[in-house]
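**Q** Please find the sequence and the predicted model below.
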Amino acid sequence: MNAQAATLTSGTLTLFSQGASSIARHTDALFGAMLLLCSAMALLIAGLIIGFCVRYRRGNATDRSNPPSNARALEIAWVVLPVLIFVGVFAWTTRDYLLLRAAPGDALPVHVVGKQWMWKLQHANGRREINTLHVPLNQPVELIMASQDVIHSFFIPAFRLKQDLVPGRTTRLWFTATQLGEFRLFCAEYCGSEHAGMVGSVTVMTPADYARWLQAGPAEPGLVQQGFALFRSAGCSGCHTAASTVHAPLLQGLAGRMVHLQDGRTVLADDNYLRDAILQPHKDVAAGFAPVMPSYAGQLDESQLQMLLAWLRAGAPADAATSAETPR
């Protein structure tokens, strides 16, 4: 059965294409409710227009004397009822949005970089993919995404997922695949002359097959190990270690912690704070430290930034040889 188009099953036309992720049913339910609501309103308005046109057409003997000067109950109804409907829809969509943003703690991290015109993906153990993504069935997967150049949009129709990748920001998205098979992956944001060719696939495998596939690739260090190696080769270890003579913040346990800044603000050391600290170190200077760190803008690409962020999220261990990345 084609997962990308409406299908005929036992002589019945399905309204939606096949949903293959845990979020798909929520999206389909919301879309169906909005379709019914808008259809009902369109029919109601069309019926009223036709009814008034027929009743008050020219030449009809309808009594037009003493028209009502006010209709307080009607005015209250057409204000209150739409407000209640809009608030209800807003609450529904907010719940689904928050559900989509809060990844489970056991989600498998996959790093995604969009660039003209391909998708570069890397799993926590270091295995890389281009324009393909392999994931296990019924296992939460968290995508940690960034753009190398322009705005891209990661779109898997069968999963009902679409997320823009904005240059200079790290974005997260998670899903749980619920059906085995291969599903199409697109870029849904025009990103240049070869935009139409920026396509790929997502292959959903049984957990056992996925584990074998993950270990069958070329032996590479994991992302945390690569981040630790880059931390040392880029010269970061000359300042950000306990043995350094330079007065610089220690990085162990920094990710996810609240940081006090020189200007009195307090911010969360999330993905975007950490990448800004690397590329724009004078933007938010930690309290008690001088703004002397050089910028690495133009020296590190998105893949390298993701390695450093993976190492920082793992707690910035001094020995990353046996470390594995955690999704948080």
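**A** In hand now; what should we look at?

**Q** Domains of this protein: list them as residue ranges, please.
**A** Using automatic domain parsing, the domain ranges for the chain come out as 14-48+74-220, 223-313.

**Q** Any idea how far apart the tips of the shortest one sit?
**A** Okay, so that is domain 223-313. Chord length of domain 223-313, first to last residue, is 11 Å (Cα to Cα, to the nearest Å).

**Q** picking up where we left off before, comparing the domains of the chain, which gets the lowest mean pLDDT score?
**A** Among the domains of the chain, domain 223-313 has the lowest mean pLDDT, at a mean of 87.

**Q** Any chance of the domains of the chain in a markdown table with distance to Pro67 as columns?
**A** C-betas here are computed from N, CA, C, even on glycine. As requested, these are arranged in a markdown table below (distance: least, Cβ to Cβ, whole Å):
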| stretch | distance to Pro67 |
| --- | --- |
| domain 14-48+74-220 | 14 |
| domain 223-313 | 60 |
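
**Q** Need the ones you listed in JSON lines (columns: mean neighbour count and distance to Ala61).
**A** JSON lines is the format used below for those (neighbours: other Cβ atoms under 10 Å; distance: least, Cβ to Cβ, whole Å):
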{"stretch": "domain 14-48+74-220", "mean neighbour count": "16", "distance to Ala61": "21"}
{"stretch": "domain 223-313", "mean neighbour count": "16", "distance to Ala61": "71"}
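
**Q** Which among those is found nearest to Arg55?
**A** Arg55 lies closest to domain 14-48+74-220 among these, at 10.5 Å (Cβ to Cβ).

**Q** The stretch 1-150 of the chain: helices as residue ranges?
**A** Along the stretch 1-150 of the chain, counting by DSSP state H, counting those that start in this stretch, helices occupy 24-55, 72-101.

**Q** Would you check that Gln280 makes contact with Ser295?
**A** Yes. Using Cβ atoms under 8 Å, Gln280 is in contact with Ser295, at 6.5 Å.

**Q** residues in contact with the nearest residue to Thr206 once chain neighbours are set aside?
**A** The spatially closest residue to Thr206, leaving aside those adjacent along the chain, is Leu137, at 5.7 Å (Cβ to Cβ, 6 or more residues apart in numbering). Taking Cβ atoms under 8 Å, 6 or more residues apart in numbering, we find Leu137 in contact with Ala177, Thr178, Gln179, Leu180, Val204, Met205, Thr206, Pro207, Tyr210.

**Q** mind redoing it with 7 Å?
**A** Ala177, Leu180, Val204, Met205, Thr206, Pro207 (Cβ atoms under 7 Å, 6 or more residues apart in numbering).

**Q** Out of those residues, the closest to Gln262 would be?
**A** Among the contacts of Leu137, Ala177 lies closest to Gln262 (Cβ to Cβ), at 45.2 Å.

**Q** beta partners of the closest residue to the closest one other than its chain neighbours?
**A** Leaving aside its sequence neighbours, Ala177 sits nearest to Val204 (Cβ to Cβ, 6+ apart; 4.2 Å). Beta-bridge pairing for Val204 (DSSP bridges): Val135, Gly181.
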